[in-house]
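Q: the amino acid sequence is not available; the structure is as follows:
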């Protein structure tokens, strides 16, 4: 006799629970942001990579300046600084062009700006600074080319051009350059 | 009927791809010819570099020829001679010509980078990159966007 109301209660509770769960799921589905397309994700990755690269170059520039300050001005040191500053300017142009192509509808746009990735600390020795930048450039160029299949044609052209520029930076930084 | 209406845009795409392949081929043919002039004015390590670069352009030219033929189209033959953008009469002018040739080649692959076929995109992007590397090795002025016409860049902000 006592078992019946208990069973009814359990069934009612189970029904209410599943309705509540279904309701919650519905609300969650309505409230969630739609996933951005593969092209948008690739573009966001490219933007993050450029931000990281700019951070690297800023650190490298600071380290080169401090080396110039402590060891005195040398022709090679000043030339390295000029090359690094020139490449940094090109990365800023890359970033500006990539950002100009990221147009998100309000529902996809994040409310707060994403923090820029923190670059690793620049090494202190001059040639190590340039070698690390060159390695980072080569890796960034490869990564961009791997992302090409996911993006629309016009963005593929921009990303391929940036990948080419980054590969040329390796040469500009003094690696496998033909002496003039 | 449905097959026919779908086939038309596909034919259009193929036509565009073949045109992009032909444009890249024309640039590689001109570069293969031009590097002959470059090499003739260089010696030592620079001559060796020019020789390596001409081989790279000839290989790219042959790949493009095969890709066009594989699409059932006749690859456009190379011209007997090409008018070079500058007169070469010294080692410095030879290097300047090499830089100009590489700039033209990088720009010529841009159409192919826009192809929907991922393998073609990869091929074109790799060759654009190789061209930018050679351009920098020959002492070309750095460019933030090799191959891209300035009109394709957006004003930031």
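A: Thanks, I have it. For clarity, every value in this text was computed on a predicted model and none was experimentally measured.
Q: rest of the way, CA atoms for contacts and neighbours
A: Noted.
Q: for chain A, give me the ranges with low pLDDT.
A: Counting by pLDDT under 70, chain A contains low-confidence residues at A:1-33, A:71-75, A:104-117, A:119-124, A:176-180.
Q: give the buried residues for stretch B:69-77.
A: By neighbour count on 16 or more other C-alpha atoms under 10 Å in any protein chain shown, the buried set for stretch B:69-77 is residue B:75.
Q: let me see the mean pLDDT of that stretch.
A: Stretch B:69-77 shows an average pLDDT of 97 in the prediction.
Q: and it, how far apart are its ends?
A: Start and end residues of stretch B:69-77 are separated by 12 Å (C-alpha to C-alpha, to the nearest Å).
Q: now that stretch: how far from the chain's centre is it?
A: 17 Å (C-alpha atoms, centre = their mean, to the nearest Å).
Q: likewise for stretch B:12-20?
A: Between the centre of stretch B:12-20 and the centre of its chain there are 16 Å (C-alpha atoms, centre = their mean).
Q: how about that stretch, does it reach chain A?
A: No. Shown here: stretch B:12-20 not in contact with chain A (C-alpha under 8 Å from any C-alpha of the partner chain), separated by at least 12.5 Å.
Q: got the residues of chain A near chain B?
A: When proximity is defined as C-alpha under 8 Å from any C-alpha, chain A approaches chain B at A:90-91, A:93-94, A:96-97, A:99-100, A:145-146, A:148-149, A:152-154, A:156-158, A:160-165, A:167-168, A:171-172, A:176-180.
Q: and residue 51, how many neighbours?
A: I went with chain A, as the question did not name one. Residue neighbour count, defined by other C-alpha atoms under 10 Å in any protein chain shown, stands at 21 for residue A:51.
Q: please go with chain B instead
A: Residue B:51 is surrounded by 15 other residues when neighbours are defined as other C-alpha under 10 Å.
Q: touching, it and residue B:39? I think so.
A: Yes. Here residue B:51 reaches residue B:39: they are 6.8 Å apart, a contact under C-alpha atoms under 8 Å.
Q: ok, back up a step: helices - which of the residues of chain A next to chain B land there?
A: A:90-91, A:93-94, A:96-97, A:99-100, A:145-146, A:153-154, A:156-158, A:160-165, A:167-168, A:171-172 (DSSP state H).
Q: can I get the buried part of the residues you listed as one PyMOL selection?
A: Here the buried members of those are turned into a PyMOL selection, burial being counted by 16+ other C-alpha under 10 Å:
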select buried, chain A and resi 90+91+93+94+96+97+99+145+153+154+156+157+158+160+161+162+163+164+165+167+168+171+172
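Q: could you find the closest non-adjacent residue to residue B:116?
A: Nearest non-adjacent residue to residue B:116, counting by C-alpha to C-alpha, 6 or more residues apart in numbering or on different chains: residue A:153, 7.4 Å away.
Q: ok, that neighbour to residue B:16 distance?
A: Plainly put, residue A:153 is 13 Å away from residue B:16 if you go by C-alpha to C-alpha.
Q: could you pull out the helices for chain A?
A: Assigned by DSSP H, the helices in chain A fall at A:3-31, A:38-71, A:75-100, A:126-147, A:153-172.
Q: out of those, which comes closest to residue B:101?
A: Nearest to residue B:101, of all these, is helix A:153-172, at 15.6 Å by C-alpha to C-alpha.
Q: packing partners of the closest one?
A: Helices and strands touching helix A:153-172, as assessed by 3 or more C-alpha pairs under 8 Å, 6 or more residues apart in numbering or on different chains; DSSP states H and E, comprise helix A:75-100, helix A:126-147, helix B:110-113, helix B:118-137.
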